[in-house]
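> Sharing a model that was predicted from the sequence below.
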Amino acid sequence: MFRRIAAFLLLIWLFGFLWFAVSLPRPAGMERTDAVIVLTGGPGRIPHALNVVRRGLAPRLLVSGVDPEVLPREFMREYEVPAPLMRCCVTLGYRAFDTRSNAVEAANWLKASKARTVRLVTTDWHMRRAAYELGRELPSGTVMLRDAVRSHPSLEVLFLEYHKLLARYVIDTWQKWRGA
């Protein structure tokens, strides 16, 4: 009996991982939102989010998880952001240090800006967990559009991210079950 249960759980885990690795989230279309949030940490994320603002698909941008040592003028130089665009439309968030704190920082920024729709930009392999964390923190009624930056993740990155997502689901399920 134990072997059957273990084999069944192993199959569920294996099919879950295959689904996770094969069906990575995709970039969003040309939908407009009230704001865009980009999580630092992967190549292409920030340039993609800046292009969303430049194309007029969102009027303001939060860059969540910026290193506290990065000054706005350094950011502007690195990403070729003109001063008027930086002043009107880009906020650098220095409070986040991981995906969970990105979600808290982003949700607080969204509440303060009264945005009702938001575009989340992060790498394709990171999108599911980032969207899950942000979804837990968003103000009620806020609509999130997932805009994944395509990448070519290694098997190691996929394996680690899949288990981080599973761990988050298990922890949340456990907490809900204990609180019920």
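Ah, there it is.

> max-length helix in this structure?
Longest helix in the chain, counting residues (DSSP state H): helix 155-179.

> chain center to it: distance?
Computed by Cα atoms, centre = their mean, to the nearest Å, the chain-centroid distance of helix 155-179 equals 16 Å.

> what mean pLDDT would you report for that helix?
Helix 155-179 carries an average pLDDT of 94.

> separation between the residue nearest to the spatial centre of the chain and Thr122?
Centroid check for the chain by Cα atoms, centre = their mean gives Ala130 as the closest residue, at 3.5 Å. Counting by Cβ to Cβ, to the nearest Å, the gap from Ala130 to Thr122 is 5 Å. Placement of C-beta: from N, CA and C, glycine included.

> Need the residues touching each of these two.
Listed contacts common to Ala130 and Thr122 are Leu39; contacts here mean Cβ atoms under 8 Å, 6 or more residues apart in numbering.

> where do the helices sit along the chain?
Using DSSP H, the helices found in the chain span residues 2-22, 45-54, 72-79, 83-89, 99-113, 127-137, 155-179.

> Let me see the residues that make contact with the second one.
Surrounding helix 45-54, the residues in contact under the criterion Cβ under 8 Å, 6+ apart are 27, 36-40, 58-61, 63, 79, 81, 85, 89-90, 119, 121-123, 147, 149.

> pretty sure the residue nearest to the centre of the chain is in contact with Gly41, am I right?
No - with contact defined as Cβ atoms under 8 Å, Ala130 does not reach Gly41; the gap is 9.8 Å.
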